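**Student:** quick check, what structure comes out for this input:
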Amino acid sequence: MLERWRGRVLVGYAAALACFVAAYLDREPYDDSYFFKRIALNALDRGSLAWNVDEGPVYGSTSQTMQLLAVLVAAVSRDHYMLLTRIISVLALVGAFALLLRLTQSLDDGLSALLAFSAPALLFSALSGMETALALLAICAFLWCLYSVRGRALPWAIAPLLLLLIYLTRPDAALLALGPLLAERHLRQERWPIRELALIGLGLVALLVCFRAYYGTALPLPFYAKQTAFSPYDAHFIHMSRQDGWRRFGVFAIGAVPLACGGLLRRDRTNLVLLASAGAFVLYHLIFTIDVMGMHGRFYAPAAPLLALACARAAEHGRETITAPEKADDPALAVSAPRWALAILLVAGFGVLLALRALPIHAGFALDNVPLAFFTLTALGGAAQMLIVDRSQLRRLAVACVLLVLLVASAARIRSERLHAYSDEQYLSLHTSRYTVYRGLDTLRACFGESLHVYHSEMGVPGLRFQAGKVTDLAGLLSPAWLFGKADIESACRSDAPAAIFLPHKNYVELNRRITESHCLAGYQRVVEESSSPLYVRRDLAPRFLECAAERADPFVSANIDVARHRRRHPK
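**Tutor:** Numbering: from 1, shown residues only. Have a look, this model is predicted:
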C-alpha cells in the first residue's frame, strides 16, 4: 500500500514538474550557466578546463560535478546543450524528491517533501542550467543514507563520501551535511565518529591539493569574489547586491518558513541539529555572501530538504503534543495550541505580505519573477501541515491537492509556441534581445566573426558568442589577474588591444570610474549608448562596424551612425 501511494505521488510530481518546465521553455538559463559550456568545449577541443585557452585552466566553475557533467553533455550535443542540461536537472529533482519521499512517507505521507519541492526556489532550479538540482540530489541521498533503515545498514564510509560529493557539487552545502553526520553517528555510537572525520579531512585535503596544482587556486574564484571578506567589489555594488539578495531570500523564505516552523514543534536532538544546520547555512549566505546571480533564492535552496525532514518528523511526533485529547470530539483530530497559533500566524503573515505587495512577484530582475500561485501553494500548504495531526487520510488529501494545484498552475502557463526544442543559439538570441548589457554584441559577432578579443563583466553570453576568441572578465570571476588586482586597465589595454570593450555593468561604479578615467578608451569609439554596459569598438574597426550595423539595421547602433559619420566629415 505504501509503495503504491509513493509511486502515485512520484508520478504526479514528475508530471507537474514536466508541465512547469514546458511552461517556461522560452525562459533562457542563467548567464552563469554558460560558463560550464565554454569551459567544457575548451576541454573537449583543447584539452584544458580553461575559460581562455592561452591563460590555462581556471577554477571558475564552483561546481566541479556540474563541470564534469557539462563536458559529457557537450560531447553528446553542442547545439542543444542547454536543453539536455534541463532534462538532467528535471531527472535530478525527481530523483531527489523520490529519496526524500521514501525517507519521510512513513512520517507524514510525504507532505513536507512535496511542499519543499513545490517551492519556487527548487522548481526554478530545473530551468537555471546551474548545479542546484544536482546539489539537491546529493543532499537527499546523504539524508537517506544517514536516517533511513537501509541507509544505516550501508558501510560506514558511504556517508562521508557523499559529503565529499556534496562539496564537489556545492562546496558551501557541505555545511548542511557535516552537523547531521557528526550528531547522528555520535548519538548512535555514543562516541565521536573519528574515522568519519578522518576520511572527510583527508578527502578535503586531497581535493584542495589537486585543485591548487591544476587551477592555481584551491578554492573557486567565485568564492573570493562573492565573499565580503575577500571581494574586490565596491561599496555601491555590494549595496545593490544586498537589495537584490533580500528579495531573492524572500523567494526561498516563503516556502522555507512554514517547514522550519513545523520542524520546531519537535525539538529533539535530531531536529535541532537539522534546523541549526539549515539556519547556519542560510545565515552564512545572508551575512557573508554577495548575491550575484542568486536568482530565485538558489543560494539557499539546498537547505530545503533538511527543513522538510525536520517538519516531517514533527508531524509524526504530533500525537505527543496533543493538548487535552479527551476534550476533543475526535482525539485523532486534536491539535495543540502552538500548532494552531503557528498556522494562523503563517496565514496572517502571508496575507499581510500580499496586501503590502511585499512578495517578490513581478518585481526587479525578470528572471526572479514567480507566479503568485506557487507562493500561495507552499505558504498555505505549510499552514495545513500544522493542523493535520495523526490522520493519514487528511495528509494524503493535502498531498493530492498540492499536486493538483501545481499541475494546473503550471499547465495554465503552457503556450503552444513555446513547445519546441530550443537550440543553444536560440537561447543566446533570447538573452541578447532581452537585456541591455548585450546590445551590439550580435552585430559585433556578425561583422567580425567569433575570434575576437573582447572585455566584459557579464561573461556567459559573450563567452559562447566568441567561443573561438578571448573574453576577458573585468569582474574577475574567470580572470584571476583581475580578481586579485594583478591587472590594471592601462597595461592590459595596451598589451591586449581588444577589438571591443563593453563597460562593466553600471552597478560596478568604481570599476567603471577607473576604466573611463584611464587612457584606454581614447583608442575606442562608443557605438552603443543606451545600455547598462555601453559598447566601445577599437577606432580602426569602428567604421566597418557602423556600416555593418546599418546593413543589419541594428536599432541600438543606428542612433550612433549619423553621429559617427558627422564626426568623420567634420573633425574637430
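**Student:** any idea of the pLDDT on D390?
**Tutor:** For D390, the pLDDT comes out at 69.
**Student:** please save the CA atoms from stretch 428-438 in PDB.
**Tutor:** Extracted C-alpha coordinates of stretch 428-438, given in PDB (Å, rounded to 0.1, in the frame of the first residue of the first chain):
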ATOM      1  CA  LEU A 428      21.500  33.000 -26.700                       C
ATOM      2  CA  SER A 429      19.400  35.100 -29.100                       C
ATOM      3  CA  LEU A 430      16.700  35.400 -26.400                       C
ATOM      4  CA  HIS A 431      19.300  36.500 -23.900                       C
ATOM      5  CA  THR A 432      20.800  39.200 -26.200                       C
ATOM      6  CA  SER A 433      17.400  40.500 -27.100                       C
ATOM      7  CA  ARG A 434      16.100  40.900 -23.500                       C
ATOM      8  CA  TYR A 435      19.000  42.500 -21.700                       C
ATOM      9  CA  THR A 436      20.700  45.800 -22.500                       C
ATOM     10  CA  VAL A 437      24.200  44.700 -21.400                       C
ATOM     11  CA  TYR A 438      24.500  42.700 -24.600                       C
END
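**Student:** can you tell me what sits against that stretch?
**Tutor:** Around stretch 428-438, the neighbours that count as contacts under Cβ atoms under 8 Å, 6 or more residues apart in numbering are 26, 28, 31, 366, 439, 441-442, 456, 458, 460-462, 464-465, 502, 505, 530-533. Every C-beta, even on glycine, is put in place using the N, C-alpha and C of the backbone.
**Student:** how about a cut-off of 7 Å?
**Tutor:** 26, 28, 441-442, 458, 461, 464-465, 505, 530-533 (Cβ atoms under 7 Å, 6 or more residues apart in numbering).
**Student:** so what are the domain limits for this structure?
**Tutor:** When the chain is parsed with automatic domain parsing, its domains come out as 2-417, 435-569.
**Student:** JSON lines for the ones you listed, including mean neighbour count?
**Tutor:** Formatted as JSON lines, the entries for the domains of the chain read as follows, by neighbours: other Cβ atoms under 10 Å:
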{"stretch": "domain 2-417", "mean neighbour count": "19"}
{"stretch": "domain 435-569", "mean neighbour count": "19"}
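**Student:** out of the contacts of stretch 428-438, who's nearest G449?
**Tutor:** The nearest member of the contacts of stretch 428-438 to G449, counting by Cβ to Cβ, is R465 at 10.4 Å.
**Student:** contacting residues around the closest one?
**Tutor:** Residues counted as contacts of R465 (Cβ under 7 Å, 6+ apart) are L428, L441, R445, E450.
**Student:** the longest helix seen in the chain: how far from the chain's middle?
**Tutor:** Assignment by DSSP state H gives helix 235-264 as the longest helix of the chain. Counting by Cα atoms, centre = their mean, to the nearest Å, helix 235-264 is centred 13 Å from the centre of its parent chain.
**Student:** now do it: which elements does it pack against?
**Tutor:** Using 3 or more Cβ pairs under 7 Å, 6 or more residues apart in numbering; DSSP states H and E, the elements in contact with helix 235-264 are helix 111-118, helix 120-123, helix 269-288, helix 304-316, helix 337-355, helix 372-387.
**Student:** and S457, what is it in contact with?
**Tutor:** Contacts of S457 (Cβ under 7 Å, 6+ apart): D473, L474, A475, P504, H505, Y508, S533.
**Student:** quick revisit: where's the dip in pLDDT among the contacts of stretch 428-438?
**Tutor:** For those, the pLDDT minimum is E530, 89.
**Student:** low-confidence stretches in the stretch 451-572 of the chain?
**Tutor:** 558-572 (pLDDT under 70).
**Student:** okay if I get the helices and strands packed on helix 235-264 as a markdown table plus mean pLDDT and distance to R434?
**Tutor:** Formatted as a markdown table, these follow (pLDDT from 0 to 100; distance: least, Cβ to Cβ, whole Å):
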| stretch | mean pLDDT | distance to R434 |
| --- | --- | --- |
| helix 111-118 | 96 | 27 |
| helix 120-123 | 96 | 20 |
| helix 269-288 | 96 | 27 |
| helix 304-316 | 94 | 29 |
| helix 337-355 | 87 | 28 |
| helix 372-387 | 89 | 22 |
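**Student:** nearest to L69, out of those?
**Tutor:** Here helix 120-123 is closest among those (Cβ to Cβ), at 18.9 Å.
**Student:** gap between the very next helix or strand once past the closest one and the chain center?
**Tutor:** As assigned by DSSP states H and E, the chain's next helix or strand after helix 120-123 is helix 132-147. Taking Cα atoms, centre = their mean, one finds the center of helix 132-147 at 16 Å from the center of the full chain.
**Student:** now swap in stretch 63-81 and tell me
**Tutor:** 17 Å.
**Student:** same deal with stretch 483-500?
**Tutor:** Distance, centroid of stretch 483-500 to centroid of chain: 30 Å (Cα atoms, centre = their mean).
**Student:** distance of T472 from Y508?
**Tutor:** 14 Å (Cβ to Cβ, to the nearest Å).
**Student:** scratch that, F142
**Tutor:** 38 Å.
**Student:** do L464 as well
**Tutor:** From L464 to Y508 the distance is 22 Å (Cβ to Cβ).
**Student:** with N369 instead?
**Tutor:** Computed with Cβ to Cβ, the distance linking N369 and Y508 is 24 Å.
**Student:** next: T228.
**Tutor:** Applying Cβ to Cβ to T228 and Y508 gives a distance of 16 Å.
**Student:** closest to A177 out of the contacts of stretch 428-438?
**Tutor:** Closest approach between these and A177, by Cβ to Cβ: E28, at 31.9 Å.
**Student:** now do the contacts for that closest one.
**Tutor:** E28 is in contact with Y427, L430, H431, counting by Cβ under 7 Å, 6+ apart.
**Student:** mind redoing it with 8 Å?
**Tutor:** For E28, the contacting residues are Y427, L428, L430, H431, R434, by Cβ under 8 Å, 6+ apart.
**Student:** export the domains of the chain as TSV, with columns for distance to S423.
**Tutor:** As requested, these are exported to TSV (distance: least, Cβ to Cβ, whole Å):
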stretch	distance to S423
domain 2-417	5
domain 435-569	12
